[in-house]
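Trainee: Pasted the sequence and its predicted model underneath.
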Amino acid sequence: MALKTDRQRWGSVLTADLTFKNAQGTPLANARVDKPLGIVSLIHPAAGDCRTEEREGGEAWRRCYETHSRWFVTWVRDARSASVKLDSCTIDAVPTVIEEYRGQWWLWWVPVPHIDNSASTYFTVELWIDSAACRAVEPSQVL
């Protein structure tokens, strides 16, 4: 997402609420962007965002991660837009740019040769907004 102000052309959003929607505008999933790093946490309808389990680690984290992973692929390919709620405004129907990668682990530089990720699928999801004008924009308009 882009964060436009009078002093910068773009930046990362550090806090927001998101609702991903399909082509008909039906909500598919909710997410939250939190400070200080602007990390996006998807909120599973039953399992939540797995933050508690992440701190606990072990079996609780593995179960929550598996639940999220199985759920995520049931809707992400259908996401066409998102509603983005910032402190200052709400922007509906922000187009999503979704890319899918199979077997290409994004943390390829980590020296863990015993992990076989050839069957894994990874996604990137981008949303671009002009927060100063409270509207969606195309990526070409902010670059």
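Mentor: Right, received. Where do you want to start?
Trainee: so where's this protein shaky on pLDDT?
Mentor: For the chain, the stretches with pLDDT under 70 are 1-10, 103-119, 140-143.
Trainee: could you pull out the strands for it?
Mentor: 16-21, 27-34, 39-43, 81-85, 90-102, 121-127, 129-130, 135-136 (DSSP state E).
Trainee: Quick one: closest of the ones you listed to residue 61.
Mentor: strand 39-43 (13.9 Å; C-beta to C-beta). Backbone N, C-alpha and C define where each C-beta goes, glycine included.
Trainee: I'd like to check what contacts that closest one. Which residues are they?
Mentor: Under the contact criterion C-beta atoms under 8 Å, 6 or more residues apart in numbering, strand 39-43 has outside partners 18, 29-34, 49-51, 68, 72.
Trainee: one more time with 10 Å
Mentor: 1, 12-14, 16-20, 29-34, 48-51, 54, 68, 71-72, 75-76, 125, 127 (C-beta atoms under 10 Å, 6 or more residues apart in numbering).
Trainee: can you give me how far it is from the chain middle?
Mentor: The chain centre lies 6 Å from the centre of strand 39-43; the measure is C-alpha atoms, centre = their mean, to the nearest Å.
Trainee: Same check on stretch 34-53?
Mentor: 10 Å.
Trainee: same question, stretch 85-94
Mentor: Counting by C-alpha atoms, centre = their mean, stretch 85-94 comes out at 15 Å from the chain centroid.
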